[in-house]
Every structure is written in structure tokens, then in C-alpha cells.
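J.: test case, fold it:
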Amino acid sequence: MEKDTKKGFRFRTYEAPFLSPFDKLFEIFKELITYTSGDFDEAIDWLRELDKEYRLTDENYTIDDFIEDLKKKGYIREEFKDDGTTGLGITSKTERAIRQQALDHIFGNLKRSGAGTHKTKHSGNGDEHTGEFREFHFGDNLERISMTESLRNAQINHGAGDFQLTENDLIVEDTQFKAQMSTVLMIDISHSMILYGEDRITPAKKVAMALAELITTRYPKDTLDILVFGNDAWTIPIKDLPYLKVGPYHTNTVAGLQLAMDILRRKRNTNKQIFMITDGKPSCVRERDGSYYMNSNGLDEYIVDKCYAQAQQARKLHIPITTFMIARDPYLQQFVDHFTEANQGKAFYTGLQGLGEMIFEDYETNRKKRIK
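T.: You can find the predicted model right below:
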């Protein structure tokens with residue numbers, strides 16, 4: 001008598017993965033230290049307040065125990081403050097952990113799916129093995145066929161008694177092209193990035209940290225330079241991203257673009273691009289005599305024309321500019337439209353939610369094609 005077997009789904013109550021008391025607090029601490037721009041004391045004050053409200057700790061493991069563990073594990077250390085006193089500050093190990101967390105939160109949301117209009121990190125023919133497998137498609141190089149996986153697939157599909165290998169059984173190892181990309185990420189740090197009751201600088205920092213972690217770990221031959229622009233523009237090292245703050249600045253988009261192009265001129269990679277995260281209109285330029293021309297009232301034609309000139313210059317250098325515009329004012333979107341047309345680049349009008357996924361998808365798409 002044949003045994004009656006049932007097929008279907010089995011549901012059960014979700015059980016969260018086990019985390020030690022330290023690990024639970026460390027996840028929250030990494031978020032807080034990002035929001036406080038690396039200020040350890042302020043982050044711990046926030047953590048204590050959260051502990052009072054949500055009872056994150058108990059008598060067996062307190063916030064003070066957590067701080068001691070941070071010291072023992074090398075996440076914090078004694079350091080001198082600007083006023084000459086000593087205190088606790090985060091180490092490079094913490095900075096790396098914050099970047100990795102940002103990468104997991106942003107890039108981890110990009111899932112593999114079937115054919116469609118969105119590009120993901122999974123590609124077809126190439127010369128760099130990814131360690132992943134997919135179904136054979138017409139045109140795939142026969143050298144990429146994994147015989148072990150294909151034979152295993154055939155046995156599952158047809159059985160061992162009447163063995164046969166068909167095209168539908170074939171499995172190939174996925175690959176990616178070794179295209180190299182040089183990217184400059186421009187971050188607006190003008191005062192408007194924290195105005196109107198909305199923190200816009202923290203999501204921008206998280207995107208920058210995640211992108212830096214992705215490139216240094218997955219694409220070490222790619223380059224990423226990060227610059228910030230307010231009244232002027234300057235580069236910042238990756239390790240300083242957690243400490244990035246907004247200043248009392250206007251928005252000198254021209255200075256940012258000039259510096260970005262100067263950086264990319266020195267890169268040997270063929271593929272070059274600029275990502276610009278901004279929420280406001282250009283309101284400042286620096287004149288040749290060193291003085292500043294500023295105008296925050298509407299779109300100043302003098303300033304705007306200089307922005308368009310920089311967009312055209314980047315186009316001549318074959319450097320596309322992708323603008324991620326957080327603000328949604330119609331007149332600002334019109335400016336970005338004209339700016340993008342002058343450069344033949346791209347523009348995304350987005351809020352803060354989904355900003356990271358958008359930048360990552362665009363980065364992955366661009367590095368798989370030759371930018372001409």
C-alpha cells in the first residue's frame with residue numbers, strides 16, 4: 001500500500017534569532033552614533049533614555065556593563081576632546097561596523113528576481129565569477145556550464161534509472177564583467193539639510209557609508225571619492241563619514257562640480273561618474289577675486305547659468321552626473337531638468353525613503369556598461 005504523503009506549507013510562530021545582550025544594544029548604539037555624528041556621550045545618553053522607556057537591560061546586564069564591553073572589544077577608547085578634557089570616543093573598528101550596518105540595511109534590500117526593467121547586482125556573461133548559479137540561457141558560453149550542478153539537476157528532473165540531460169537541466173555559474181568605475185559622491189551640507197523638521201543629512205551619510213563599504217569589499221578596483229559642498233567644496237575621507245555635520249552654509253553647487261571633475265580627471269578608469277545628493281537650489285558661487293556671490297531668493301540666473309556650464313563641461317569630459325533631488329518644489333525640479341539635459345545625465349526626484357536603494361541600483365547598472 002502506497003504511503004499517503006501530504007505536500008504544502010507549514011506555518012509556525014516566528015522566532016527571532018538569538019542575540020546576546022551586548023549584540024542587541026550594539027545594533028541600537030550603531031544607529032545612535034550615526035545620528036549624533038560620532039558623539040559618544042550623546043549617543044549613550046539617548047541609549048539610557050531608550051532603556052528607561054523600553055527596558056532594554058536588566059540587573060544582569062546594564063548600560064554600564066555595555067560600555068565596559070565596548071572598551072574590551074576595542075569599539076571605544078579614551079581620547080582628548082577639543083576643550084582639552086578627556087573622554088570616550090569611537091575607534092576605527094566602530095566606524096567599519098557602522099559602514100557594514102549601512103551596507104546591510106540598504107544593499108540587503110535589493111533582491112534577485114526574474115527578468116525585468118530593474119538592474120540588480122546579478123549579471124550574465126562576464127569574466128568575474130560570483131559563486132552563484134542560474135539557469136542556462138541561449139547564448140551563454142559553454143565553458144560556463146557547471147557539469148556537477150547540471151548532472152545533479154538532471155537526476156532530480158528525470159531520475160537515475162532513465163538518465164538524460166536536456167537543455168533545461170543545464171546550470172551555469174554566473175559572472176560579472178570586470179569593468180572599473182571611478183565615482184565621486186557629492187553631499188550637500190547646506191543648512192537646509194536639517195531645516196523644516198527633517199533630518200536629511202543622516203540618510204545621506206548612511207548611503208555614503210554603505211557605498212564606500214560595498215566598493216572597498218566587493219569592487220576593490222573601483223574608486224570612490226566623497227566630497228561635501230556648502231559655501232565651498234572639499235573632500236572628506238571615508239573614516240570621517242560618521243562625524244559629518246551640516247553647517248551654516250549656502251549651496252555652492254558649482255564648487256562641488258568643479259572639484260568632482262578635477263578628481264575624476266586624474267583617474268585612469270574609462271568609466272567615470274558623479275552622484276549628487278542635494279535638497280536645495282544653488283545659491284552661492286565664488287568669484288575669481290575670492291569673494292562670494294550669494295542669493296537665496298529663488299533661482300538666481302547668474303548662479304544657475306554657471307551650474308549649466310559645469311554640466312556641459314562634465315559632458316565634454318564624458319562624465320555623466322546623476323542628481324538625487326530630495327526637494328520636490330516644481331521650480332527646483334525644472335532647474336534639475338535643464339541641468340540634466342545639459343549634461344545628458346540622469347535625475348531622480350525622491351524623498352529620503354528609498355534613496356539608498358536608488359543609488360545602489362544606479363551604481364550597479366552603470367558599472368556593467370561602458371559610459372561613453
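
J.: which ones are touching Lys272?
T.: Met181, Ser182, Thr183, Leu264, Leu317, His318, Ile319, Ile371 (Cβ atoms under 8 Å, 6 or more residues apart in numbering). The C-beta positions use only the backbone N, C-alpha and C, and glycine is treated the same way.

J.: give me the element it is part of.
T.: strand 271-278 (DSSP states H and E).

J.: state the mean pLDDT of that strand.
T.: What strand 271-278 shows for mean pLDDT is 94.

J.: what does stretch 170-183 give?
T.: Mean predicted confidence for stretch 170-183 is 75.

J.: related to what we said a few turns ago, of the contacts of Lys272, buried ones?
T.: Buried by 16 or more other Cβ atoms under 10 Å: Met181, Ser182, Thr183, Leu264, Ile319, out of the contacts of Lys272.

J.: in helices only, show me the contacts of Lys272.
T.: Leu264 (DSSP state H).

J.: pipe the contacts of Lys272 into a markdown table and attach distance to Pro21 per row.
T.: Below are the contacts of Lys272 laid out as a markdown table (distance: Cβ to Cβ, whole Å):
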| residue | distance to Pro21 |
| --- | --- |
| Met181 | 42 |
| Ser182 | 43 |
| Thr183 | 39 |
| Leu264 | 47 |
| Leu317 | 53 |
| His318 | 53 |
| Ile319 | 49 |
| Ile371 | 49 |
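
J.: from the contacts of Lys272, which land in strands?
T.: Met181, Ser182, Thr183 (DSSP state E).

J.: columns distance to Met147 on top of these, output as a markdown table?
T.: Converted to a markdown table, the ones in strands among the contacts of Lys272 look like this (distance: Cβ to Cβ, whole Å):
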| residue | distance to Met147 |
| --- | --- |
| Met181 | 34 |
| Ser182 | 38 |
| Thr183 | 38 |
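
J.: returning to that earlier point: which neighbouring elements make contact with the helix or strand following the strand holding Lys272?
T.: Downstream of strand 271-278, the first helix or strand assigned by DSSP H and E is strand 284-286. Identification of packing neighbours for strand 284-286 by 3 or more Cβ pairs under 8 Å, 6 or more residues apart in numbering; DSSP states H and E yields helix 253-265, strand 292-294, helix 301-316.

J.: looking at those, which is buried most?
T.: helix 253-265 (a mean of 21; mean count of other Cβ atoms under 10 Å).

J.: pull the residues that contact that one.
T.: 182, 184, 186, 225, 227-229, 231-235, 272, 274, 276, 278, 282, 285-286, 303, 306-307, 310-311, 313-314, 317, 319, 321.

J.: one more pass at 6 Å, please.
T.: In this structure, residues lying in contact with helix 253-265 by Cβ atoms under 6 Å, 6 or more residues apart in numbering are 182, 184, 186, 225, 227, 229, 232-233, 272, 274, 282, 285, 306-307, 310, 314, 319.

J.: what do you get for stretch 192-210?
T.: By Cβ under 6 Å, 6+ apart, stretch 192-210 touches 35, 99, 102-103, 106, 185, 187, 226, 241, 244, 246, 277, 279-280, 326, 352, 355-356, 359.

J.: before we move on, the earlier item: export the helices and strands packed on strand 284-286 as JSON lines, with columns for mean pLDDT and distance to Asp51.
T.: Formatted as JSON lines, the helices and strands packed on strand 284-286 follow (pLDDT from 0 to 100; distance: least, Cβ to Cβ, whole Å):
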{"stretch": "helix 253-265", "mean pLDDT": "98", "distance to Asp51": "41"}
{"stretch": "strand 292-294", "mean pLDDT": "97", "distance to Asp51": "45"}
{"stretch": "helix 301-316", "mean pLDDT": "97", "distance to Asp51": "48"}
